[in-house]
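**Student:** Make a model of this:
(chains A and B)
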2 protein chains.
Amino acid sequence: MTTVYQHGTLAQLMAKQMAGTITVGELLTHGDTGIGTLDGLDGEVIILNGDVYQADSTGAVNHITDKETTLPFASVHFDQPDISYQLPFNATTYQNLSSQLTEKQIDNVFSALKLHGHFTHVHVRVAPKQTKPYPSLLTVAQHQPEFETRDVQGTLVGYYAPAVFGGATAAGWHLHFLADDHKFAGHVLDFEADDMVGSLLIFDEFEQHLPIDNHDFRAMKQDMAGLQDGIEASEGGRK
Amino acid sequence: MTTVYQHGTLAQLMAKQMAGTITVGELLTHGDTGIGTLDGLDGEVIILNGDVYQADSTGAVNHITDKETTLPFASVHFDQPDISYQLPFNATTYQNLSSQLTEKQIDNVFSALKLHGHFTHVHVRVAPKQTKPYPSLLTVAQHQPEFETRDVQGTLVGYYAPAVFGGATAAGWHLHFLADDHKFAGHVLDFEADDMVGSLLIFDEFEQHLPIDNHDFRAMKQDMAGLQDGIEASEGGRK
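**Tutor:** Predicted coordinates for the structure are as follows:
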């Protein structure tokens, strides 16, 4: 059994529920690799080998060592290179990522991608921390810093989700990036790489955890109309 | 932790994937209570206390004892009355079910409902078994037998899912019925009951299992346009 664990939903961020509802400590019991955001939609989280990093909206990258730090939304899994497809790529861009994986037939399943190598260009955005009363994710998405870098060694990590799970999570790709020197990171809008190795892990289980003890989550009004468009506008990278 | 386990998705039935991909034996390791359908969309399954019953399209109810019987789609959980809300209802209809549960704030969470008692009226439909090449769930839904009965003792069992998970599963209520004498069962379109007791169990986890080793599932084309309308037409009871 291979499982990707998700706490919270993208839809709940659209419905203005951005308070942290799981601790880093608890999250790490479900995986050592993944992505997310901190309490208040504070930045972009990248988890590698059980270490948690956060890109903040100033462009800085912080090592999060306090296990009591909370997150409203995160996806993690245990990296299992022995049962993953090994992926040597000579040259790859976000635009042709899916087409290079066609033979793996990933359209209808959840999978994790982890690629390390040399990137000629990486373009990210970083969500800025919000305070109560929280705005919608869509409002935040319209005002968030973007950063670009060239010629950098780093790791691309994230997930592919089938279209039918859009809303609960990001349909298609949702990738974050962390430079090896920890000086650049974020939610990937675009990339070009010329030499990468890594792995694709296909999951048979999507374990969706919800913050059922959070009063605001229980009481939220989920506006379904426009949810997909809003998420696309907020979370979309190239597909 | 409270978990509802689902094998397969409603969306996959819409995409003509109706072959059984989990055995009854495997399914029962994830719960002793639930609902589903057999290989080929063959009828309506009700699981109570680890016993599996199937209403078939002739209106008969069969006790499924062969653990190798397979299902393309099913949801199960372990009944846990000690941590469930106890629900005495004097008079209830499908139409006012949600309004009677307003104070439980179930809109944004997964929950299971199990109610036993006296029903003055139950109206069900039963999916007829399909053979390959499978049609769409929507096509099947347009040609399926309906049955009604009055003055019957039985159990209503099924799930509530948040709107954002519509597609993966049925948004809102998805309830099946089994008469105590095992002579009437099916997917509930409507009911009226005058004396029921039972329980509502709220889950913090939705464990979605996918048949990743099934070639047809991996290769299916999921037509997202019209999926919600198709599911509503196929699976909707009163909401």
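**Student:** contacting residues for the spatially most central residue of chain A?
**Tutor:** Against the mean C-alpha coordinate of chain A, by Cα atoms, centre = their mean, the closest residue is A:Ile35 at 3.9 Å. Residues counted as contacts of A:Ile35 (Cβ atoms under 8 Å, 6 or more residues apart in numbering or on different chains) are A:Glu44, A:Val45, A:Ile46, A:Ile47, A:Ala74, A:Ser75, A:Val157, A:Gly158, A:Tyr159, A:His174, A:Leu175, A:His176. C-betas here are computed from N, CA, C, even on glycine.
**Student:** Bridge partners for it, pull those for me.
**Tutor:** Beta-bridge partners recorded for A:Ile35 (DSSP bridges): A:Ile46, A:Ser75.
**Student:** How much space separates it from chain B?
**Tutor:** 19 Å (Cβ to the nearest Cβ, to the nearest Å).
**Student:** now A:Pro211
**Tutor:** To chain B, A:Pro211 is 8 Å away according to Cβ to the nearest Cβ.
**Student:** about what we covered before: arrange the contacts of A:Ile35 in CSV, one row each, with pLDDT and neighbour count as further columns.
**Tutor:** Output for the contacts of A:Ile35, formatted as CSV (pLDDT from 0 to 100; neighbours: other Cβ atoms under 10 Å in any protein chain shown):
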residue, pLDDT, neighbour count
A:Glu44, 98, 27
A:Val45, 98, 28
A:Ile46, 98, 28
A:Ile47, 98, 27
A:Ala74, 98, 25
A:Ser75, 98, 29
A:Val157, 98, 23
A:Gly158, 98, 24
A:Tyr159, 98, 25
A:His174, 96, 20
A:Leu175, 97, 24
A:His176, 98, 27
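**Student:** tell me the SS of A:Pro128?
**Tutor:** Of the three states, A:Pro128 takes coil under DSSP: H, G, I helix; E, B strand; the rest coil.
**Student:** ok, it - how many residues close by?
**Tutor:** Using other Cβ atoms under 10 Å in any protein chain shown, A:Pro128 has 16 other residues around it.
**Student:** And it, how far from B:Ala193?
**Tutor:** 52 Å (Cβ to Cβ, to the nearest Å).
**Student:** Over to A:His215?
**Tutor:** A:His215 is 31 Å from B:Ala193, by Cβ to Cβ.
**Student:** Could you do A:Ser84 as well?
**Tutor:** Using Cβ to Cβ, A:Ser84 is found at 51 Å from B:Ala193.
**Student:** now swap in A:His121 and tell me
**Tutor:** On the measure of Cβ to Cβ, A:His121 and B:Ala193 end up 64 Å apart.
**Student:** For chain B, see how far away A:His7 is.
**Tutor:** Applying Cβ to the nearest Cβ to A:His7 and chain B gives a distance of 10 Å.
**Student:** For beta bridges, what are the partners of that residue?
**Tutor:** When bridges are called by DSSP bridges, A:His7 pairs up with A:Ala74, A:His209.
**Student:** now check stretch A:182-200, is it near chain B?
**Tutor:** No: interface with chain B: stretch A:182-200 contributes nothing (Cβ under 8 Å from any Cβ of the partner chain), its closest point being 12.8 Å away.
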